[in-house]
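A.B. asks: Fold the following for me, if possible:
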Amino acid sequence: MKIFKTKVFKNGGSLAIRIPAALRSDAGELFLWASGDEGTFTVSTKPPVDRNQAFLEWLNRDDGVAPEAWQGFTDLLAEMRTESTEYVNPFDLPSEG
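C.D. replies: Have a look, this model is predicted:
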């Protein structure tokens, strides 16, 4: 992951940021949302996904097909189930002492 430092400036009554050329996008619009931390926000070409809501909707679906936002997670679970490595319960390990 690359991190870019950019400038913040006033544009009329709003604040604006310069997007570095390396991050140039053909997107006609960007999505901006704030996280729980004050002053922390994300800029993306894709809208944010409420994963909790998506998971609840998936649980309540009749067809059992995972929404796109959860596909990577369900693929990982399927891969973990088919791995040939032997599972070791960490609570069964001898204690150090």
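
A.B. asks: Show me where the protein has its strands.
C.D. replies: In the chain, the segments counted as strands under DSSP state E are 8-11, 14-17, 31-34, 41-44.

A.B. asks: Tell me which strands the last one pairs with, and in which orientation.
C.D. replies: Strand 41-44 has these partner strands in its sheet, going by DSSP bridges: strand 31-34 (antiparallel).

A.B. asks: what does the partner strand rub up against?
C.D. replies: Under the criterion C-beta atoms under 8 Å, 6 or more residues apart in numbering, residues 40-48 lie in contact with strand 31-34. Yep, even glycine has a C-beta here, placed from its N, CA and C like the rest.

A.B. asks: re earlier: reformat the strands of the chain as TSV; add distance to residue 60 and mean neighbour count.
C.D. replies: Below are the strands of the chain laid out as TSV (distance: least, C-beta to C-beta, whole Å; neighbours: other C-beta atoms under 10 Å):
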stretch	distance to residue 60	mean neighbour count
strand 8-11	42	8
strand 14-17	39	10
strand 31-34	25	11
strand 41-44	27	11
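
A.B. asks: and of these, who's closest to residue 23?
C.D. replies: Using C-beta to C-beta as the measure, strand 41-44 is the one of those that comes nearest residue 23, at 9.0 Å.

A.B. asks: which residues make contact with that closest one from outside it?
C.D. replies: Strand 41-44 is contacted by residues 17, 19, 30-35, 48 when judged by C-beta under 8 Å, 6+ apart.

A.B. asks: try it again with 7 Å
C.D. replies: Contacting residues not belonging to strand 41-44 are listed as 30-35 [C-beta atoms under 7 Å, 6 or more residues apart in numbering].

A.B. asks: For these, give me a markdown table that also has pLDDT and distance to residue 7.
C.D. replies: Below are the contacts of strand 41-44 laid out as a markdown table (pLDDT from 0 to 100; distance: C-beta to C-beta, whole Å):
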| residue | pLDDT | distance to residue 7 |
| --- | --- | --- |
| 30 | 87 | 17 |
| 31 | 87 | 21 |
| 32 | 86 | 17 |
| 33 | 83 | 21 |
| 34 | 83 | 20 |
| 35 | 75 | 22 |
